[in-house]
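Participant: The sequence and its predicted three-dimensional model are supplied below.
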There are 2 protein chains.
Amino acid sequence: MTTLKELAKLLNISVSTVSKALNDSHEISENTKRRVNELADKLNYKPNRIAQQLKTNKTKTIGVILPTVTNPFFAEVLHGIETRATINNYDIIICLSDESLEKEKRSLELLSNGSVDGFIIAVARESQVTEQTEHINKVVNSKIPVLMFDRVVNEINCDKVVVDDFKSVYEATEYLIKTEQRKHILLVSNIEELSVGKLRIKGYEKAMEDANLKPDVLKLSKVKDVEARIHSYLKNHQNIDAIVSIDHITGIIAINMAKKIGKVIPKEMSVVGFGYEHTQLLSSPKISIIHQKAFEIGEMSVQLLVDNLKEEDHNLQTIIVPSELKLAESTN
Amino acid sequence: MTTLKELAKLLNISVSTVSKALNDSHEISENTKRRVNELADKLNYKPNRIAQQLKTNKTKTIGVILPTVTNPFFAEVLHGIETRATINNYDIIICLSDESLEKEKRSLELLSNGSVDGFIIAVARESQVTEQTEHINKVVNSKIPVLMFDRVVNEINCDKVVVDDFKSVYEATEYLIKTEQRKHILLVSNIEELSVGKLRIKGYEKAMEDANLKPDVLKLSKVKDVEARIHSYLKNHQNIDAIVSIDHITGIIAINMAKKIGKVIPKEMSVVGFGYEHTQLLSSPKISIIHQKAFEIGEMSVQLLVDNLKEEDHNLQTIIVPSELKLAESTN
DNA sequence: TTGTAAGCGTTATCAC
DNA sequence: GTGATAACGCTTACAA
């Protein structure tokens, strides 16, 4: 790799002149600038990022710690993060905690040595369930800006980007009750132990309560054969006329199982789940989805963090990104 | 952040002694080592990664350039990459090309300035289709190790990790013909213009040819309403008794559409697609899948690249990762 | 066993 | 308008 020193030697001028010329300093003559730039182009000179980082004490890099990336929600968030980071001229280093507290902790420690300017984190399932989040607080206290999204820890004082979990499920349930006239609405879940899962269930329960209906929750996070379980549950509760899934898997399975026991969808049963573009593509009849704006969540997370990085006196914020209820098209 | 200099001052010894002590050098007395380590622990000293990188001219970072991460194949590959990178003490910087040549080019250039020790790349659709890959060659020529996986460019001289696209589809088709006695096998595709798509189609065609059957290919990469298209095609070709999908979407849609026109699966029609864990979960009756070992592909990519990074005289390799035909369980 | 000093590639301050 | 020099934080000959 070409360095300033090499350019300087070849041009018989000093390193500092070369540096200034490349940075278009007013101190340098146009002629010198031209000579320097020509040679730099010719030798494909690129300033060494590492040296710049050491000098400026800024890495222009964000550490992103995700529980997983095979879950399409996090994949899409990552897409948003990458897009907005690129716009802001930031690189992203990514670590996957695999839902493990230990790995999350390690990644955080490893990157807290000047490798990144700030962090974007969605807490691992284990950390959240066992309520061990001291390692995150440690980073916050060391003055490295942190932004948490989706799975957040209320006690930690940092920027947050969250989804309106309670409200979106409340409204979806309310829609089923009021518009579709459903009365026996089952909630199925495989994430009931996460903060977001709890909020979503509460939204459902409140909506049912407000309508004087009896809530019915099927918790499957620890179940192996989810399919069989939903199948038998539906078979034994033939009066169920609507299903709310609070994740992106069990809704589609519920549709398949409902069809299997002879239910006609959407006539005899409505199904709403959480999901993304693909989700609707893969179900037939199409499922209605609560569409979390995952891409936007990623984008806003980066923007808020970058603002924090720039501003001297940054006020911590919590942004709520509204979800959107996308009804299944009746074309099916 | 605590630095060596600060530790040295507090202990009234020199910076180099501190450095050596922390690196457990035999030159340093046990007593000094103890004192240094105690203070370092107390002040939570962590060596500045950037400074180390500048000094050693190694970043211990891999640049990963993916077309997308919302496609579950690439998401799972990324999972494998992250896992193996962590084991080898490498960080990963990720860039998403969004299938765009321009973005891929830019990312590559941006990171070719000492930010990473090597690259792992799956070529963007646009780069592959338009056969513009000079930007990748440029990196290879600049002596930065590059590894390409899945979507590779034959002309570029670097390590490669690929899937046995031709063979896996050939064998799946052969299985349908010989074991399941199918005769009218339709191939559906939404990736026919990619190198992997072409190979997969060839595998299918060869198997059909070898069995004296007429190939029938439905190309959908430019079609908007894939669902309607498959539906009408199946309706107008009632003799189709098996479907091979060469991507992870159209197979499931085909199952749904086949059911819709009254086909009994798997009795009257077999469906094989490409897929992952989720794929089978989301289809009912379950689809048979050609399971690409995406996680392993990610792992092997990192390992091969890291080997290249370590070894003085590295021999370029192409590793073929075999896929596995996972038949739908008959429990459904 | 410990310390001095040079150097990685930049940028920035200050002299000339 | 140009150049010498120091500094970022670390590692590593080499000297003491």
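Facilitator: That came through fine. Numbers count the residues shown, from 1 in each chain, chains lettered A, B, ... in the order given.
Participant: mind listing the strands for the stretch 51-200 of chain A?
Facilitator: Along the stretch 51-200 of chain A, counting by DSSP state E, counting those that start in this stretch, strands occupy A:61-66, A:91-96, A:118-121, A:146-149, A:159-163, A:185-189.
Participant: For the first one, the averaged confidence score.
Facilitator: Spelled out, it's strand A:61-66. Computed over strand A:61-66, the mean pLDDT rounds to 98.
Participant: and it, which strands flank it?
Facilitator: Note on strand A:61-66: by DSSP bridges, its sheet partners are strand A:91-96 (parallel), strand A:118-121 (parallel).
Participant: Nearest to A:Arg229 among the ones you listed would be which one?
Facilitator: strand A:91-96 (28.5 Å; Cβ to Cβ). For the C-beta atoms, the positions are set from N, CA and C on the backbone; glycine is no exception.
Participant: hang on, the earlier thing: mind putting the strands of the stretch 51-200 of chain A into CSV with mean neighbour count?
Facilitator: Shown next, in CSV, are those (neighbours: other Cβ atoms under 10 Å in any protein chain shown):
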stretch, mean neighbour count
strand A:61-66, 26
strand A:91-96, 23
strand A:118-121, 26
strand A:146-149, 26
strand A:159-163, 23
strand A:185-189, 25
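Participant: Contact partners for the residue nearest to A:Ser245 when sequence neighbours are not counted?
Facilitator: Excluding the flanking residues, the one nearest A:Ser245 by Cβ to Cβ, 6 or more residues apart in numbering or on different chains is A:Gly251, at 3.3 Å. Contacts for A:Gly251 (Cβ atoms under 8 Å, 6 or more residues apart in numbering or on different chains) come out as A:188, A:243, A:245, A:271-275, A:279, A:283, A:287, A:289.
Participant: Any idea what the closest residue to A:Glu192 other than its chain neighbours is bridged to?
Facilitator: Using Cβ to Cβ, 6+ apart and skipping the chain neighbours, the partner closest in space to A:Glu192 is A:Lys219 (4.7 Å). Taking DSSP bridges as the rule, A:Lys219 bridges to A:Ser189.
Participant: I'd say A:Lys219 and A:Leu186 touch.
Facilitator: No. A:Lys219 is not in contact with A:Leu186 according to Cβ atoms under 8 Å; the separation is 11.4 Å.
Participant: Okay, helices next: where are they in chain A?
Facilitator: Secondary structure of chain A (DSSP state H): helices at A:4-11, A:15-22, A:30-42, A:49-56, A:72-87, A:101-111, A:125-130, A:134-141, A:165-178, A:195-210, A:226-236, A:250-260, A:277-282, A:294-310.
Participant: Just send those helices back as TSV, with mean pLDDT too.
Facilitator: Shown next, in TSV, are the helices of chain A (pLDDT from 0 to 100):
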stretch	mean pLDDT
helix A:4-11	95
helix A:15-22	96
helix A:30-42	96
helix A:49-56	97
helix A:72-87	97
helix A:101-111	97
helix A:125-130	94
helix A:134-141	96
helix A:165-178	97
helix A:195-210	96
helix A:226-236	96
helix A:250-260	93
helix A:277-282	78
helix A:294-310	97
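Participant: out of those helices, nearest to B:Ala51?
Facilitator: Taking the helices of chain A one by one with Cβ to Cβ, helix A:49-56 is closest: 5.7 Å.
Participant: Tell me the confidence at the residue nearest to A:Glu192?
Facilitator: A:Lys219 is given a pLDDT of 97.
Participant: Roughly how far does it sit from chain B?
Facilitator: 18 Å (Cβ to the nearest Cβ, to the nearest Å).
Participant: Just give me the neighbour total for that residue.
Facilitator: Neighbour count for A:Lys219, taken as other Cβ atoms under 10 Å in any protein chain shown: 15.
Participant: Also A:Thr59?
Facilitator: A:Thr59 has 24 nearby residues by other Cβ under 10 Å.
Participant: Contacts only, for it.
Facilitator: Contacts of A:Thr59 by Cβ under 8 Å, 6+ apart are A:53, A:91, A:114-117, B:50.
Participant: CA atoms only for stretch A:193-206 - export them in PDB, please.
Facilitator: Below are the C-alpha coordinates for stretch A:193-206, written out as PDB (Å, rounded to 0.1, in the frame of the first residue of the first chain):
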ATOM      1  CA  GLU A 193     -40.800 -14.900  28.000                       C
ATOM      2  CA  LEU A 194     -39.300 -11.900  26.200                       C
ATOM      3  CA  SER A 195     -40.200  -8.300  27.100                       C
ATOM      4  CA  VAL A 196     -41.700  -7.800  23.700                       C
ATOM      5  CA  GLY A 197     -43.800 -11.000  24.000                       C
ATOM      6  CA  LYS A 198     -45.100 -10.000  27.400                       C
ATOM      7  CA  LEU A 199     -46.200  -6.600  26.100                       C
ATOM      8  CA  ARG A 200     -47.900  -8.200  23.100                       C
ATOM      9  CA  ILE A 201     -49.800 -10.600  25.300                       C
ATOM     10  CA  LYS A 202     -50.900  -7.700  27.500                       C
ATOM     11  CA  GLY A 203     -52.200  -5.800  24.500                       C
ATOM     12  CA  TYR A 204     -54.200  -8.800  23.500                       C
ATOM     13  CA  GLU A 205     -55.500  -9.400  27.000                       C
ATOM     14  CA  LYS A 206     -56.500  -5.800  27.500                       C
END
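Participant: Buried residues, it. List them.
Facilitator: By 16 or more other Cβ atoms under 10 Å in any protein chain shown, the buried positions in stretch A:193-206 come out as A:194-201, A:203-206.
Participant: Go through these and name the one nearest A:Gly80.
Facilitator: A:Val196 (17.6 Å).
Participant: Leaving out the residues flanking it, which one is nearest to the closest one?
Facilitator: According to Cβ to Cβ, 6+ apart, the nearest residue to A:Val196 is A:Asp165 (5.1 Å).
Participant: how much space between the one you found and chain B?
Facilitator: A:Asp165 is 22 Å from chain B, by Cβ to the nearest Cβ.
Participant: pretty sure that residue is touching A:Leu194, no?
Facilitator: No. A:Asp165 is beyond contact range of A:Leu194, at 9.8 Å (criterion: Cβ under 8 Å).
Participant: Show me which pair in the contacts of A:Thr59 is furthest apart.
Facilitator: Going by Cβ to Cβ, the pair spanning the contacts of A:Thr59 furthest: A:Asp91 and A:Gly114, at 14.2 Å.
Participant: List the residues that contact A:Ile136.
Facilitator: A:108, A:121, A:123, A:127, A:146, A:148, A:153, A:156.
Participant: I should have written A:Arg151 there, sorry.
Facilitator: Counting by Cβ under 8 Å, 6+ apart, A:Arg151 has contacts A:67, A:122-123, A:125, A:128, A:194-196.
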